[in-house]
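Colleague: Turn this into a structure:
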Amino acid sequence: MCATDVALRIAAEHASQLGDARASLEHGDVDRRAGVIHVRRAYANGRVKHPKTRLSRRAVPLQAIELEGLDQLQEL
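Modeller: Model prediction:
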């Protein structure tokens, strides 16, 4: 699985959970051990900023195949 495949799969699978945060995700937001993506920033009006509410900060669970894809990328 290439980087594009992994990114597209995660975006398609979790679009409703990640929302506009997708544009603000960084490498450090992926926690492989916990199997989640941490949403810590929001993207709105062309800018990355802090989420408006505490509940907007969240952890989105990843599926095993997505984690495997990320692990394969790490090996490259």
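Colleague: which residues in the protein form helices?
Modeller: All helices of the chain, identified by DSSP state H, fall at 3-18, 64-75.
Colleague: need the least confident one among these, by mean pLDDT.
Modeller: If you rank the helices of the chain by mean pLDDT, helix 3-18 sits at the bottom with a mean of 68.
Colleague: in the sheet, who's paired with residue 61?
Modeller: residue 36 (DSSP bridges).
Colleague: gap between it and residue 37?
Modeller: Remark: distance between residue 61 and residue 37 (Cβ to Cβ, to the nearest Å) = 8 Å. Heads up, the C-betas are built off the backbone N, CA and C, glycines and all.
Colleague: neighbour-wise, which of those two wins?
Modeller: Neighbour count, other Cβ atoms under 10 Å: between residue 61 and residue 37, residue 37 has more, with 23 against 12.
Colleague: how close does residue 69 get to residue 38?
Modeller: 18 Å.
Colleague: Give me the more crowded residue out of these two.
Modeller: residue 69 (20 against 17).
Colleague: Hmm, residue 13 and that one touching each other?
Modeller: No. At 11.3 Å, residue 69 and residue 13 do not qualify as touching, with contact defined as Cβ atoms under 8 Å.
Colleague: which residues are common contacts for these two?
Modeller: Common neighbours of residue 69 and residue 13 (criterion: Cβ atoms under 8 Å, 6 or more residues apart in numbering): none identified.
Colleague: quick one, what contacts the residue positioned nearest the centre of the chain?
Modeller: Nearest to the geometric centre of the chain sits residue 37, at 4.5 Å (Cα atoms, centre = their mean). By Cβ under 8 Å, 6+ apart, the contact set of residue 37 is 10, 14, 18, 25, 29-31, 59-60, 62.
Colleague: Repeat that for residue 39.
Modeller: When contacts are counted by Cβ under 8 Å, 6+ apart, residue 39 touches 18, 21, 25, 29, 51, 56-60.
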